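Asks: Provide a 3D model corresponding to the input given below.
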Amino acid sequence: MSATMSSFFKKDKSPTPGPASPTGKKSPTPIPTSPEHNEPSEPVPLMAGSHWGQQEVVDDDNDPTLGVDTESSTASIASSILHYRNVLGRTYHSDSVTDGEYWGPNDAKANELLDIMHAAQVLLFDGKLYTSPLNDKEIKNAIDIGTGTGVWAIDFADDHPNCNVIGTDISPIQPNWVPPNASFEINDASREWTYQENHFDFIHIRWLTGVIKDWDSLYEEAYRCCKPGGWIEHVDTDADFLCYDETMPSDSAMAQWGPIWREVERKTGLNVSVVSSGAMENGMKKAGFTNITIEDHYAPLAPWSDDPKLKQVGLYQSAALTHDIEGFLVYFMPNYLGWTPKEIANYAAIIRKEFREAKIHSVLKWHVVRAQKAAGCLV
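Replies: Sure thing, here's the model as predicted:
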């Protein structure tokens, strides 16, 4: 293992607020498999769904693509919010909540994936829920945008008992038993925010790539609702698997992940390249945030590393994605790429096999952008 590998995930101390350059950038974690820090090879072309349909595969999970209906999708519940849509056996948010098109399921299997990825993120950041230089004694109001199962908001509320913590999402999938200072609201973050101006000390966003079309508008709302001197932190990744040591063949299912999602982006307008497009830091700067700081963390997608911590991070991320890789596929693949259920099932089985074999040294590039609303700057 190279010398650069041994320093992977060693965290610098949280930065202190100051006159940092809006474009200032630091990278505390080097690319894990390339001492030269070379970029991945040229883009891989998209292969047709029929390629996967022709494959003879054996899947340990025995055709989980169609899934099963959850109890909530079949129950007769009065609230329209709980009238989930059903697509190929998976449940999705209610159309009454948002005008937009959200592709992620909200059933038990998808929620378990989110919780596993949360554990991977906590490990990635050495047990920290955030990297912004918050004043723990003074922070009073915080919000988690796209909270999912609410686990981050719950953990943050536990750690900050004097802070009122709100988690927002378009599906009511959060638990009922939460800390007294935590609450959840059904809100579409892509719409105008209903919160008062200059209110939140901390705004947290994580893993919403492929969800928001207009990031500039979202950051404008965040800036309006952020308290002067408050912080915003956004952690995200592109819908792409990177490899720096030529262990990922162009015809592998992992190599095809990026091309699949770029085609979805082309056909839907959703931004699945929120990191490489610069949407995060550029959007915050346009909105008016200052003290913008950037970090990149390269996290293995399978337990292939010799480093114990890297191996554990890879195990968590692999466990999450193999648990419900179909949740990423069953909405867009039939509707926009024309894939058949068999093609989806075969592709899912093949990529699960690649995760479990851990022969491909793929990584996710987690991009952290934090910024501050200048003190004394009222909207």
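Asks: contacts and neighbour counts: CA atoms only from here.
Replies: Will do.
Asks: remind me which residues of the chain are low pLDDT?
Replies: For the chain, applying pLDDT under 70 flags the ranges 1-42, 58-106, 379.
Asks: Tell me where it has helices.
Replies: 3-6, 49-53, 71-74, 108-124, 151-159, 215-225, 253-268, 279-287, 308-323, 332-336, 341-357 (DSSP state H).
Asks: Could you save those as JSON lines and add columns showing mean neighbour count?
Replies: Shown next, in JSON lines, are the helices of the chain (neighbours: other Cα atoms under 10 Å):
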{"stretch": "helix 3-6", "mean neighbour count": "15"}
{"stretch": "helix 49-53", "mean neighbour count": "17"}
{"stretch": "helix 71-74", "mean neighbour count": "14"}
{"stretch": "helix 108-124", "mean neighbour count": "19"}
{"stretch": "helix 151-159", "mean neighbour count": "20"}
{"stretch": "helix 215-225", "mean neighbour count": "22"}
{"stretch": "helix 253-268", "mean neighbour count": "19"}
{"stretch": "helix 279-287", "mean neighbour count": "20"}
{"stretch": "helix 308-323", "mean neighbour count": "21"}
{"stretch": "helix 332-336", "mean neighbour count": "16"}
{"stretch": "helix 341-357", "mean neighbour count": "21"}
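Asks: Mind checking these for the one nearest to G167?
Replies: For G167, the closest of the helices of the chain is helix 151-159, at 5.9 Å, according to Cα to Cα.
Asks: which residues touch that closest one?
Replies: 115, 118, 129, 143-144, 147, 163-167, 178-179, 181-182 (Cα atoms under 8 Å, 6 or more residues apart in numbering).
Asks: Which single one of the residues you listed is nearest to M248?
Replies: M248 lies nearest to H118 out of these, by Cα to Cα, at 26.0 Å.
Asks: For the closest residue to E354 other than its chain neighbours, what are phi and psi?
Replies: Of all residues not flanking E354 in the chain, I360 sits nearest, at 7.1 Å (Cα to Cα, 6 or more residues apart in numbering). Backbone torsions of I360, given as degrees, to the nearest 10, read phi -90, psi 120.
Asks: so I360 touches T247, yeah?
Replies: Yes - contact criterion Cα atoms under 8 Å: I360 and T247 qualify, at 5.0 Å.
Asks: who's more crowded, these two?
Replies: I360 (22 against 11; other Cα atoms under 10 Å).
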